[in-house]
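Undergrad: Task: produce atomic coordinates for the following.
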Amino acid sequence: MQTMSAATNATPVSPAVYRVAPDDDVAVALRDLAAQESISVGDRTVVVTDPIPRGHKVAIRPVSAGQAVRKYGWPIGRATADIAVGAHVHSHNLETLLAGTDEYEYTGAGASVTSKPATRSGSFLGFRRANGKVGTRNEIWILCTVGCVGRTAERIARLAAQKYAGRVDNVVAFPHQFGCSQLGGDLDRTRRLIAGLARHPNAGGVLILGLGCESNQLSKLLTEIPEAERERIRYFAAQATEDETEAGLQAVEELVKLAEQDKRVPCGLDDLVVGLKCGGSDGFSGITANPLVGRIADRVTAAGGTAVLTEIPEIFGAERLLMQRAADREVFDGIVHVVNDFKEYFLRNNQPVHENPSPGNKAGGITTLEEKSLGAVQKGGHATVTQVLRYGERTTKPGLTLLEAPGNDGVSSTALVAAGATILLFTTGRGTPLGFPVPTLKISSNSKLAEHKSHWIDFDAGKALTAADPESVTDEFLQLIVDTASGQPARNEINEQREIAIWKDGVTL
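TA: You can find the predicted model right below:
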């Protein structure tokens with residue numbers, strides 16, 4: 001199983017453990033390991049000295065206190081005590097190497113990725129919009145300028161979904177709590193994000209519901225949307241209408257009449273924009289689910305499509321892997337700025353840049369942010385990074401995009417959608433029911449989770465550990481993506497788990 005350029009020959013080495021890269025100091029336990037148990041690591045036998053929980057790390061080389069510990073072929077932290085072969089490696093003897101901002105040196109444009117073409121269906125049935133973008137759904141979206149009208153939007157959507165069932169895929173409201181009492185850049189980011197959602201190709205029509213007195217005024221919001229793209233947008237302020245529910249239903253009826261004329265047509269992978277996300281990661285995420293998504297990202301971008309990677313704090317310690325693949329100096333500088341700006345954001349708020357992983361991550365076997373990041377960036381595969389976007393901006397180029405957003409699942413996934421992602425590939429080792437405006441495919445890093453939460457999980461990446469040919473698993477997953485993009489509902493849609501979250505980092509009046 002290929003994980004990244006530093007570990008191109010990584011394969012399962014025994015039924016007990018998995019070593020990612022040949023020069024790693026640790027291996028991942030594929031099951032609970034007992035003290036004094038003998039395990040095979042390559043051509044060597046290691047005696048386990050501590051009980052090792054499934055997904056956690058066991059030392060396969062001795063490491064002295066103060067030395068770096070390697071996994072994925074890269075340092076994941078510093079040993080805080082001497083670590084003997086067979087010992088459990090975790091928070092008690094491993095600490096982060098991360099501190100503040102860094103300096104980076106540009107060494108030239110990254111090499112273009114060459115990827116195996118899709119061996120199964122490389123096309124899907126999508127909705128081609130007037131601006132050339134392609135949607136995977138044909139829905140009416142109801143957005144809000146401000147949280148005060150969120151419940152009103154939900155009421156309109158509920159009534160309209162019943163009335164227009166079968167004429168469009170769905171009518172859905174996406175309320176939020178912001179848009180008032182915001183200032184400056186904080187307000188600008190909220191406005192830009194909502195405008196990005198309003199332009200999304202999965203929406204065959206959009207109703208923007210305002211209140212009237214909010215900071216996020218409708219008139220200013222509309223300036224973020226090109227006039228040529230407003231044909232299928234309706235909007236009004238609730239304070240200016242006698243019956244806002246009736247006005248909303250009338251607007252939705254107009255939009256349905258337009259949207260129902262659209263039909264699915266054959267589209268290539270070059271028309272696909274996939275958002276790459278992980279949440280509730282565990283020790284298997286970096287060796288199963290994330291590399292699987294990375295192989296999909298390589299196939300989509302090789303076909304001329306777009307993959308979008310985000311969660312900037314969760315690339316700290318692995319950012320150089322992306323910088324090495326920058327298409328040019330401008331993209332390299334963009335990566336440097338977005339990484340260091342985010343570190344400075346932490347430091348301004350008197351928080352360490354390494355305040356991650358989460359308790360769930362640690363319980364699943366991830367110790368340091370470097371370890372989490374090195375696993376997380378594998379979702380981007382090996383594709384060339386062609387653009388860097390700030391929060392709320394939209395993709396404009398094919399290839400791998402790096403998008404500014406925090407690690408928070410709701411905030412980052414919403415930002416991916418606003419950037420133009422028409423389907424999200426969401427890997428998880430712990431499980432989560434969360435879903436977002438577009439189909440959100442949940443990929444479990446381990447088969448146990450897929451069995452335990454089958455109503456949450458769309459695809460089991462744990463099978464890649466035992467597959468004779470990992471590419472067959474990639475082919476299978478690609479077919480699921482094609483089917484989903486063509487209209488097959490994802491679990492989040494079946495469970496009605498669809499929401500948005502906005503990143504607020506400014507003053508509240």
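Undergrad: With just CA atoms, put the longest strand seen in the chain into PDB.
TA: The longest strand of the chain (DSSP state E) is strand 203-210. What follows is strand 203-210, C-alpha atoms only, in PDB (Å, rounded to 0.1, in the frame of the first residue of the first chain):
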ATOM      1  CA  ALA A 203     -28.100  24.200  -6.200                       C
ATOM      2  CA  GLY A 204     -30.400  24.500  -9.200                       C
ATOM      3  CA  GLY A 205     -31.900  27.500  -7.500                       C
ATOM      4  CA  VAL A 206     -31.100  29.600  -4.300                       C
ATOM      5  CA  LEU A 207     -33.300  31.600  -2.000                       C
ATOM      6  CA  ILE A 208     -31.400  34.000   0.200                       C
ATOM      7  CA  LEU A 209     -33.400  35.000   3.200                       C
ATOM      8  CA  GLY A 210     -32.500  38.200   5.000                       C
END
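Undergrad: Can you mark which positions in the very next helix or strand once past that strand are buried?
TA: Counting by DSSP states H and E, the next helix or strand C-terminal to strand 203-210 is helix 218-222. Using 16 or more other Cβ atoms under 10 Å as the test for burial, helix 218-222 gives Leu218, Leu221, Leu222. All C-beta atoms are positioned from the backbone trio N, CA, C, and that covers glycine.
Undergrad: Show which residues not belonging to helix 218-222 make contact with it.
TA: Outside helix 218-222, the residues that touch it by Cβ atoms under 8 Å, 6 or more residues apart in numbering are Thr145, Arg191, Ile194, Ala195, Ile208, Gly210, Arg230, Ile233, Tyr235, Phe236, Ala237.
Undergrad: Out of the residues you listed, which sit inside helices?
TA: Those of the contacts of helix 218-222 mapping onto helices are Arg191, Ile194, Ala195, per DSSP state H.
Undergrad: Adding neighbour count and distance to Glu154, write those residues out as TSV.
TA: Formatted as TSV, those follow (neighbours: other Cβ atoms under 10 Å; distance: Cβ to Cβ, whole Å):
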residue	neighbour count	distance to Glu154
Arg191	23	21
Ile194	27	16
Ala195	22	21
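Undergrad: quick one: which of those is nearest to His176?
TA: Of all the ones in helices among the contacts of helix 218-222, His176 sits closest to Ile194, with 8.1 Å by Cβ to Cβ.
Undergrad: quick one: contacts for the closest one?
TA: Contacts for Ile194 (Cβ under 8 Å, 6+ apart) come out as Leu143, Cys144, Thr145, Gly179, Ile208, Asn216, Leu221, Ala418.
Undergrad: Next, the spatially most central residue of the chain: secondary structure please.
TA: Nearest to the mean C-alpha position of the chain, by Cα atoms, centre = their mean, lies Lys277 at 1.6 Å. Following DSSP: H, G, I helix; E, B strand; the rest coil, Lys277 is assigned to strand.
Undergrad: So for it, what pLDDT did the model give?
TA: With respect to pLDDT, Lys277 scores 97.
Undergrad: Same question for Ala468.
TA: pLDDT at Ala468 comes out at 78.
Undergrad: can you map out the helices along the stretch 251-400 of the chain?
TA: 289-302, 319-323, 329-348, 359-363, 369-376 (DSSP state H, counting those that start in this stretch).
Undergrad: Which ChimeraX command selects the buried ones in the contacts of helix 218-222?
TA: Here is the ChimeraX command that selects the buried residues among these (16+ other Cβ under 10 Å):
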select :145,191,194,195,208,210,233,235,236,237
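Undergrad: Out of the contacts of helix 218-222, which is nearest to Asn93?
TA: Nearest to Asn93, judged by Cβ to Cβ, of the contacts of helix 218-222 is Ile194 at 46.9 Å.
Undergrad: Ala160 versus the closest one, what's the distance?
TA: For Ile194, the distance to Ala160 equals 20 Å [Cβ to Cβ, to the nearest Å].
Undergrad: now Gly462
TA: Applying Cβ to Cβ, the value for Gly462 to Ala160 is 40 Å.
Undergrad: One more: Gly506?
TA: From Gly506 to Ala160 the distance is 34 Å (Cβ to Cβ).
Undergrad: and if you look at Ile312?
TA: Ile312 sits 37 Å away from Ala160, going by Cβ to Cβ.
Undergrad: before we move on, what about Gly205?
TA: The value you get for Gly205 to Ala160, if Cβ to Cβ is used, is 11 Å.
Undergrad: same question, Val146
TA: 20 Å.
Undergrad: More neighbours: which of these two?
TA: For Val146 versus Ala160, the count of surrounding residues by other Cβ atoms under 10 Å is larger for Val146: 28 against 25.
Undergrad: residues contacting that one?
TA: Applying Cβ under 8 Å, 6+ apart, the residues near Val146 are Phe178, Gly179, Cys180, Gly210, Leu211, Glu214, Ser215, Asn216.
Undergrad: Now the phi/psi pair for the nearest residue to it once chain neighbours are set aside, please.
TA: Once flanking residues are discounted, Val146 sits nearest to Gly179: 3.4 Å by Cβ to Cβ, 6 or more residues apart in numbering. Dihedral pair for Gly179: phi 100, psi -10, per degrees, to the nearest 10.
Undergrad: got a pLDDT number for Gly179?
TA: The predicted local confidence for Gly179 is 96.
Undergrad: I'd assumed Gln217 was in contact with it.
TA: No: at 9.3 Å, Gly179 does not count as touching Gln217 under the criterion of Cβ atoms under 8 Å.
Undergrad: residues bridging contact with the two, i.e. touching both?
TA: In contact with both Gly179 and Gln217: Thr145, using Cβ under 8 Å, 6+ apart.
Undergrad: Tell me, how many residues neighbour Asn131?
TA: The tally of other residues near Asn131 (other Cβ under 10 Å) stands at 10.
Undergrad: what's near enough to touch Leu176?
TA: Just to correct that, residue 176 is His rather than Leu. Listed by Cβ under 8 Å, 6+ apart, the contact set of His176 reads Cys144, Gly147, Gly150, Ile500, Ala501, Ile502.
Undergrad: And what about the residue nearest to Cys213 when sequence neighbours are not counted, helix, strand or coil?
TA: Spatially, and ignoring its direct neighbours in sequence, Cys213 is nearest to Gln239 (6.8 Å; Cβ to Cβ, 6+ apart). Under three-state DSSP, Gln239 falls in the helix class.
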